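Engineer: Sharing a model that was predicted from the sequence below.
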Amino acid sequence: METTLKQRSESTLDSSARGGRRWLSLDVLRGLTVAFMILVNNAGDGAVSYAQLRHSAWNGCTLADIVFPLFLFIVGASIALSFGARLKRGVSRRAILLQVARRSLYIFALGLLLNALPYFRLGELRYFGVLQRIALCYALASACYLAGRLAACAMTCAATLAGYWWLLLHVPVPSIGLPGATVGILDRYGNLAAWLDRLLVPQAHLYHHSFYDPEGLLSTLPALATTLFGVLAVEWFLTVRPVWKKSLSAFAVGLVLMACGLLWAQSFPLNKRLWTSSFVLFTTGISIALFALLFWLIDGPFQLRRGLTPWLVFGSNALSAYVLSELLAIALGSIPLPNHENLQQFLFHLLPHWLGPPFFVSLLYSMLFVLVCFLPVLLLYRRKIFIKL
């Protein structure tokens, strides 16, 4: 009797998923990701914060480096869930593509707007950014999925990872030389991605007016692969198999991808700023394993519901929460105060130093910042207002 009920539950889960029902596990994962993204982006003092809450200076991978790939993975997962259901309802591919194009333009424009704040110095406007990369990956992954479903996504994913590896390690960089021969592998200045950024974009419009952009054009290719992995993962969870088998096999695949990424990193280092192919495999492995665990606990037979509200609040209005955090950070950082401080620094220094060592106090400020961002999003959630572009 218990086995029959379990099979019925799993059958209901599979059919409701194919019919377009929201997966709470995906919303929770999105909420966790956005909350952690806000946390790492808003340290009280980045110079003293925990090393794992700071992005790697170049090669390597910290907890902070995993956040953005995890979000792109979720974007891909949402594409598979949403578009698959709409296609089954008879919505045309053309109608979906038009909506994708419109939404991508809105997200890209919003990213440019955030880069322009607070002074709107258009001569120094950074063209690339987090939202711009999300917009590009969302548009390209959507087109790939609609064009050829699983086959197209899998082939594009493999081609971009292999192609990006070949470009960065085997193509001579003009006026610099061949990586590994006349210039070091993934040299900060002498890699092909940085060279292309400098070629296409004036320095005044690059990240911190430097010699490259971490969300530049060429590194968007492997970021697209990260997004497509999300599509492929959800397609696996949509298959008609027992939930425990899908979750366990996906978790195992995640571990294998992590191991492959670490092995590849011996010759092609993990690097979030260049979004190397090894970095894609490693962070995708983490994403799949984490999603498999949450799916099993929340949407599987356990039907876990306790303690999910904070993450559902962030996950249901993820873009709004992120934009709100960016606006708040810009405002606090641009209001000058005496003693050469801005308002953000002043608020951080209000926290008593006896609370703990500097890195803990910095983390405490970050947590309070996340809480401040949580409150307005909670109000939207309680009023069932979900802002979609």
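Structural biologist: Nice, thanks for sending it over.
Engineer: So residue 52 is in contact with residue 61, correct?
Structural biologist: No. Using CB atoms under 8 Å, residue 52 makes no contact with residue 61, being 9.9 Å away. (Glycine included, C-beta is placed from N, CA and C.)
Engineer: So between those two, which is more surrounded?
Structural biologist: Using other CB atoms under 10 Å, the more surrounded residue of residue 52 and residue 61 is residue 61, with 23 against 12.
Engineer: my guess is that one meets residue 273, correct?
Structural biologist: No. In this structure, residue 61 is not within contact of residue 273 by CB under 8 Å, at 10.9 Å.
Engineer: OK, contacts around residue 29?
Structural biologist: Residue 29 is in contact with 70, 74, 290-291, 294, 311, 315, counting by CB atoms under 8 Å, 6 or more residues apart in numbering.
Engineer: Look at it and give its secondary structure.
Structural biologist: helix (DSSP: H, G, I helix; E, B strand; the rest coil).
Engineer: Do a quick rundown of the helices in the stretch 101-250 of the chain.
Structural biologist: 130-170, 192-200, 220-237, 243-264 (DSSP state H, counting those that start in this stretch).
Engineer: Now these in TSV, please, with extra columns for mean neighbour count.
Structural biologist: Converted to TSV, the helices of the stretch 101-250 of the chain look like this (neighbours: other CB atoms under 10 Å):
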stretch	mean neighbour count
helix 130-170	19
helix 192-200	20
helix 220-237	25
helix 243-264	17
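Engineer: any chance of the ones you listed in CSV, with distance to residue 24 too?
Structural biologist: Formatted as CSV, those follow (distance: least, CB to CB, whole Å):
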stretch, distance to residue 24
helix 130-170, 22
helix 192-200, 38
helix 220-237, 13
helix 243-264, 14
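Engineer: so which of those comes closest to residue 112?
Structural biologist: Checking the helices of the stretch 101-250 of the chain against residue 112 by CB to CB gives helix 130-170 as the closest, at 7.2 Å.
Engineer: packing partners for that closest one?
Structural biologist: With contacts taken as 3 or more CB pairs under 8 Å, 6 or more residues apart in numbering; DSSP states H and E, helix 130-170 sits against helix 63-88, helix 93-116, helix 192-200, helix 220-237, helix 277-294.
Engineer: Check which helices and strands the fourth one sits against.
Structural biologist: Contact here means 3+ CB pairs under 8 Å, 6+ apart; on that basis helix 220-237 packs against helix 63-88, helix 130-170, helix 243-264, helix 277-294.
Engineer: Nearest to residue 381, out of those?
Structural biologist: Nearest to residue 381 among the helices and strands packed on helix 220-237 is helix 63-88; the distance by CB to CB comes to 18.1 Å.
Engineer: what is the orientation angle of that closest one with helix 277-294?
Structural biologist: 70 degrees (axes from the mean of the first three to the mean of the last three CA atoms, to 10 degrees).
Engineer: Can you list the buried residues in helix 63-88?
Structural biologist: 63-81, 83-86 (16 or more other CB atoms under 10 Å).
Engineer: Pull the contacting residues for the nearest residue to residue 204 once chain neighbours are set aside.
Structural biologist: Spatial nearest neighbour of residue 204, chain neighbours left out: residue 124 (5.1 Å); criterion: CB to CB, 6 or more residues apart in numbering. Neighbour list for residue 124: 204-205, 209 [criterion: CB under 8 Å, 6+ apart].
Engineer: A ChimeraX selection for these, restricted to the buried ones, would help me check which they are.
Structural biologist: Those of the contacts of residue 124 that count as buried under 16+ other CB under 10 Å are selected in ChimeraX with:
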select :205
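Engineer: Tell me the one of the contacts of residue 124 nearest residue 130?
Structural biologist: Distance to residue 130 across the contacts of residue 124 (CB to CB) is lowest for residue 205, with 15.8 Å.
Engineer: I'd like the distance between the closest one and residue 91.
Structural biologist: 38 Å (CB to CB, to the nearest Å).
Engineer: isn't residue 387 right up against residue 320?
Structural biologist: Yes. Using CB under 8 Å, residue 387 makes contact with residue 320 at a distance of 4.7 Å.
Engineer: Quickly list what's touching both of the two.
Structural biologist: Contact criterion CB under 8 Å, 6+ apart; residues shared by residue 387 and residue 320: residue 380.
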